[in-house]
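In: show me how the following folds:
(one chain, ligands or ions: 1)
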Amino acid sequence: MYDFSPSQEHGSVRALVRAFVDREIMPNIRAWDEAHHFETGILHKLADLGMMGVCIPEAYGGAGMDYNTLAIVCEELERGDTAFRTAVSVHTGLNSMTMLQWGSEAQKQKFLVPQAKGEKIGAFGLTEPDAGSDVAGMNSMAVFKGDHYVLSGSKIWISLSDVADHFLVFAYTDRNLRHKGISAFVVERGMPGFSTRPIHGKLGIRAGNTGELIFDDVRVPVENRIGEEGEGFKIAMSALDNGRFTVAAGACGTIMACLEASLAYCEQRETFGKKIGEHQLVQQMIAKMAANLEISRLLVAKVGWLKNRGVRNTRETSLAKWVSCDAAFEAASDAIQVHGAYGYSSEYPVERYLRNAKAPVIYEGTREIHTIMQAEYALGYRQDAALRAMLPAWPFAHSEGEA
Ligand SMILES: Cc1cc2nc3c(=O)[nH]c(=O)nc-3n(C[C@H](O)[C@H](O)[C@H](O)COP(=O)(O)OP(=O)(O)OC[C@H]3O[C@@H](n4cnc5c(N)ncnc54)[C@H](O)[C@@H]3O)c2cc1C
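Out: Down below sits the predicted model:
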């Protein structure tokens, strides 16, 4: 049975993050965006609020709240700017939740606990210069040397590349096995041979940090391999089930921001002797935003519900991510249209929303990849087998973390 009523905790977290965004992000975001400045202090402040590990069990340093609470945090953060939601997506969604799902107890203690508390920041490195959608096209190699691996290669377009402390990365341990020859590792900042470099000149998410990871024969201890050798592809895909959930939730925040800005402008602008909100063609754009906000939120809520129940949700997550990100991009374009020429200027935030809304249509599975996935599910070409490790259902068992 679905329950559409937000819990008291959901309402409190939404109010908390909304107030935080209004106070800490809104007054500064235009300047940060123009300066291409990532304000790391925001992550520290989110950590103080317990928001960097909101759905990680308390036993592992998190707030122990349900998965829908993470969606609320992401929605409210992206209402402020995509950069900070992206940070939570990679830190919590792609990295910490993967550690929770696949990490050994020792790895959880070493990596997850400080991440959930926000003392250390996590990132996720899958994409390479020659391999984005086609993950098996990666070139990074990890050669086994007894008690460690020697990692060589590079990653590109990695969010928080210059900020993070722990990098969950993927490399071949046996190239001949294709997908089944990829393994997952944690690379720690400071390991000799590991360096990062920022990417400049992005269209959007300019208040975010994106860059390259370079592995120049990095010695990675065996204890830093997540899962078994050859499980890396499955781990990466299950990480995306969590990351995409947060991206979809964030897209709801973009739609909400577009709607709020458009409603305000409809009140203030008059043409042909009436407020523009009274013109039916403007109303059409407003109606579409309102409808897509509701549709996207419902899709996200369903994924949160499945995650809470410990049920695999690859299909539903892909659908939510695809639909909501496309809707956010459309909402941002329409929000500019509602604002006319003023929307085309940085005097109003809607041009930033459009620039920001493009990346989520590309990252964590492009629009085309999700279209293909949905067609394959519908046609019966794709089914999801059970995974060796599942994300724990919520409420978390008391034994979670006592091992
Ligand atoms: C701001 C930003 C932040 C990012 N952060 C991260 C991060 O933290 N970690 C990380 O690992 N990556 C990150 N990425 C990378 C992102 O995940 C990739 O860009 C994405 O997976 C697409 O890969 P690609 O850019 O190589 O495009 P390609 O895979 O080369 O695709 C190019 C085009 O071809 C289309 N295409 C490809 N294959 C098919 C097919 N089979 N059928 C139809 N069309 C197809 C694509 O949809 C796309 O339109 C980030 C990207 C951006 C822009």
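In: which one is the residue nearest to the spatial centre of the chain nearest to, not counting chain neighbours?
Out: For the chain, Ser89 is the residue whose C-alpha lies nearest the centre (Cα atoms, centre = their mean; 2.7 Å). Spatial nearest neighbour of Ser89, excluding adjacent residues (Cβ to Cβ, 6 or more residues apart in numbering): Thr246 at 4.1 Å. C-beta: built from backbone N, CA, C; applies to glycine.
In: and that neighbour, how many neighbours?
Out: Here the number of neighbours of Thr246 (other Cβ atoms under 10 Å) works out to 32.
In: residue contacts, it?
Out: Contact analysis of Thr246 by Cβ atoms under 8 Å, 6 or more residues apart in numbering lists Leu70, Ala71, Cys74, Arg85, Val88, Ser89, Thr92, Gly93.
In: which SSE is Met390 in?
Out: Assessed by DSSP states H and E, Met390 sits outside every helix and strand.
In: with the ligand as the reference, measure out to the residue nearest to Ser89.
Out: Going from Thr246 to the ligand by Cβ to the nearest ligand atom, to the nearest Å gives 12 Å.
In: and the strand or helix carrying that residue, which residues are buried?
Out: Per DSSP H and E: Thr246 is located in helix 232-268. Using 16 or more other Cβ atoms under 10 Å as the test for burial, helix 232-268 gives 232-259, 261-262, 265-266.
In: for stretch 118-131, same thing?
Out: Neighbour count says stretch 118-131 has Gly118, Lys120, Ile121, Gly122, Ala123, Phe124, Gly125, Leu126, Thr127, Glu128, Ala131 buried, by 16+ other Cβ under 10 Å.
In: same check, this time on stretch 12-24
Out: Quick answer for stretch 12-24 (16+ other Cβ under 10 Å): Val13, Arg14, Leu16, Val17, Arg18, Phe20, Val21, Glu24.
In: contacts with the ligand among those residues, please.
Out: Checked against the ligand using Cβ under 6 Å from any ligand atom, those give no members in range.
In: closest one of the residues you listed to the ligand?
Out: Checking these against the ligand by Cβ to the nearest ligand atom gives Val21 as the nearest, at 20.0 Å.
In: give me the residue from this structure nearest the ligand.
Out: Using Cβ to the nearest ligand atom, Gly132 is the residue of the chain that sits closest to the ligand, at 1.9 Å.
In: and the strands in the stretch 101-250 of the chain?
Out: Per DSSP state E, counting those that start in this stretch, the stretch 101-250 of the chain carries strands over the ranges 122-125, 141-144, 148-159, 166-172, 182-188, 194-198, 210-221, 225-226.
In: adding distance to Ala301 and mean pLDDT, write these out as a markdown table.
Out: A markdown table is the format used below for those (distance: least, Cβ to Cβ, whole Å; pLDDT from 0 to 100):
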| stretch | distance to Ala301 | mean pLDDT |
| --- | --- | --- |
| strand 122-125 | 24 | 98 |
| strand 141-144 | 39 | 98 |
| strand 148-159 | 25 | 98 |
| strand 166-172 | 27 | 99 |
| strand 182-188 | 30 | 99 |
| strand 194-198 | 36 | 98 |
| strand 210-221 | 29 | 98 |
| strand 225-226 | 29 | 98 |
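In: can you tell me which of these is packed in deepest?
Out: Ranked by mean neighbour count under mean count of other Cβ atoms under 10 Å, the strands of the stretch 101-250 of the chain are led by strand 122-125, which reaches a mean of 28.
In: show me how far stretch 206-216 is from its chain's centre.
Out: Offset of stretch 206-216 from its chain centre (Cα atoms, centre = their mean, to the nearest Å): 16 Å.
In: nope, stretch 198-215 is what I meant
Out: The chain centroid and the centroid of stretch 198-215 are separated by 15 Å under Cα atoms, centre = their mean.
In: and it, how far apart are its ends?
Out: For stretch 198-215, the first and last residues are 15 Å from each other (Cα to Cα, to the nearest Å).
In: again with stretch 71-91
Out: Start-to-end span of stretch 71-91 (Cα to Cα) is 14 Å.
In: go ahead and name everything in contact with stretch 306-319.
Out: Counting by Cβ under 8 Å, 6+ apart, 66-68, 237, 240-241, 244-245, 248, 299, 302-303, 365, 370, 373-374, 377, 384, 386-387, 390-394 sit against stretch 306-319.
In: type out the PyMOL command that picks the buried ones from those.
Out: Of the contacts of stretch 306-319, the buried ones can be selected in PyMOL as follows, counting by 16+ other Cβ under 10 Å:
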select buried, resi 66+67+68+237+240+241+244+245+248+299+302+303+365+370+373+374+377+387+391+392+393+394
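In: excluding chain neighbours, what is closest to Phe52?
Out: If you look again at residue 52, you'll see it is Met, not Phe. Nearest non-adjacent residue to Met52, counting by Cβ to Cβ, 6+ apart: Gly118, 3.5 Å away.
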